[in-house]
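Undergrad: everything below, folded, please.
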Amino acid sequence: MLATLTLAISLLASPVQTEWIETDAAPIEVMVLGSYHFTGGGQDLHNAQVDDHLAPERQAEIAEVLDALADFEPTKVMVELTPEHEDAFNAAYQAYLAGEHSLTVNERQQLGMRLAARLGHERLYAIDQASDMDFEGMMGAAQDAGQDRLLGEFGNFNAAVPVLMQDMESGSVMARLRASNSQFAHDAHGLYLTLAQTGTIEDPIGVQEMGEWWTRNLAIFANAARHAEPGDRLLLIYGAGHKHLLEQFFEDAPGFRIVDPLDTLEE
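TA: Modelled structure (predicted):
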């Protein structure tokens, strides 16, 4: 056992430590499209307010987004839906292909189904894992523990979010999606590490809650990666809050390469 551990440490310390994972297989390209929810509302801490995305003007804007995403030529489209709902979702997709289903306003259908149909895909992939986040519990724990610095950081985040939300609530669908994938949205991920510090050593509620968040996103990554084959181009349509971790996992995993949606979603 000791010899095995020593060998593992030696491999990790070696300057050629990555050679054992090199492969001749084509890299799997991954685009994580951070999205706001077309239906409005939602269970996120901050939710963009939206108008009717079934209105003709919005439908035309969505068509422009689909034109841009089609240039990426994804081979698999993956959506924020738990696997137990995948069969029903794909049954609705087949009905849509047959002209027997009217798309709902949800981005899973407006972006996912429409793009998959355009590209001739037989199915879409449900890769989510359900979880909840106890914001009130973490904030209460921070107050009880006198963690003024953390409460201040959380307050600064809440004060800054309206800038992002304004961009996500105005302009075309393309502009809103660009805002959802902006550097500002990316940097907002730091909030989760602020939340991880809430509570005490004896009752580390922040660690526990953020552990669930990291676990959820790791499961999403793994669910997507299990479907991937060499040469694939995966498109993940996901709430923008997931983007940072999902891209990090794919960047760190052997055999994958991240594609920035902002290079596709032109202003």
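Undergrad: which parts of the longest helix that the chain contains are buried?
TA: Among the segments of the chain that qualify as a helix by DSSP state H, the longest is helix 205-227. Neighbour counts over helix 205-227 (16 or more other C-beta atoms under 10 Å) mark 205-206, 209-210, 213, 216-217, 220-221, 223-225 as buried. C-beta here means a position set from N, CA and C on the backbone, and glycine is covered the same way.
Undergrad: can you pick out the most distant pair from those residues?
TA: The most widely separated members of the buried residues of helix 205-227, counting by C-beta to C-beta, are 205 and 225 (30.2 Å).
Undergrad: residue 152 is in what secondary structure piece?
TA: Under the criterion of DSSP states H and E, residue 152 resides in helix 148-168.
Undergrad: show me where the protein has helices.
TA: 2-13, 56-72, 86-97, 107, 114-118, 135-144, 148-168, 173-180, 183-187, 190-196, 205-227, 243-252.
Undergrad: contacting residues for the residue lying closest to residue 109 once chain neighbours are set aside?
TA: Distance criterion C-beta to C-beta, 6 or more residues apart in numbering; nearest residue to residue 109, sequence neighbours excluded, is residue 103 at 4.4 Å. By C-beta atoms under 8 Å, 6 or more residues apart in numbering, the contact set of residue 103 is 96, 109-110, 113-114.
Undergrad: give the residue spans of this structure that score low on pLDDT.
TA: Along the chain, the model assigns pLDDT under 70 to residues 1-24, 41-49, 163-170.
Undergrad: hang on, the earlier thing: which one of the buried residues of helix 205-227 sits closest to residue 77?
TA: residue 224 (10.8 Å).
Undergrad: what separation is there between the spatially closest residue to that closest one that is not a sequence neighbour and residue 32?
TA: Excluding its sequence neighbours, the residue lying closest to residue 224 (C-beta to C-beta, 6+ apart) is residue 127, at 4.9 Å. Applying C-beta to C-beta, to the nearest Å, the value for residue 127 to residue 32 is 11 Å.
Undergrad: anything in contact with each of those two?
TA: residue 236.
Undergrad: re the thing from before, would a markdown table of the helices of the chain with distance to residue 27 be doable?
TA: Below are the helices of the chain laid out as a markdown table (distance: least, C-beta to C-beta, whole Å):
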| stretch | distance to residue 27 |
| --- | --- |
| helix 2-13 | 23 |
| helix 56-72 | 14 |
| helix 86-97 | 26 |
| helix 107 | 27 |
| helix 114-118 | 22 |
| helix 135-144 | 38 |
| helix 148-168 | 31 |
| helix 173-180 | 25 |
| helix 183-187 | 22 |
| helix 190-196 | 28 |
| helix 205-227 | 13 |
| helix 243-252 | 11 |
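Undergrad: give me whichever of those helices is most buried.
TA: helix 107 (a mean of 25; mean count of other C-beta atoms under 10 Å).
Undergrad: now find how far off-centre that helix is within its chain.
TA: Here helix 107 is found 13 Å from its chain centre; the criterion is C-alpha atoms, centre = their mean, to the nearest Å.
Undergrad: residues touching that helix, excluding its own?
TA: So helix 107 is contacted by 35-38, 237 (C-beta under 8 Å, 6+ apart).
Undergrad: how about a cut-off of 6 Å?
TA: 35, 38 (C-beta atoms under 6 Å, 6 or more residues apart in numbering).
Undergrad: one more: stretch 228-241?
TA: With C-beta under 6 Å, 6+ apart as the test, stretch 228-241 has contacts from 25-26, 28-35, 74-80, 111-112, 180, 185.
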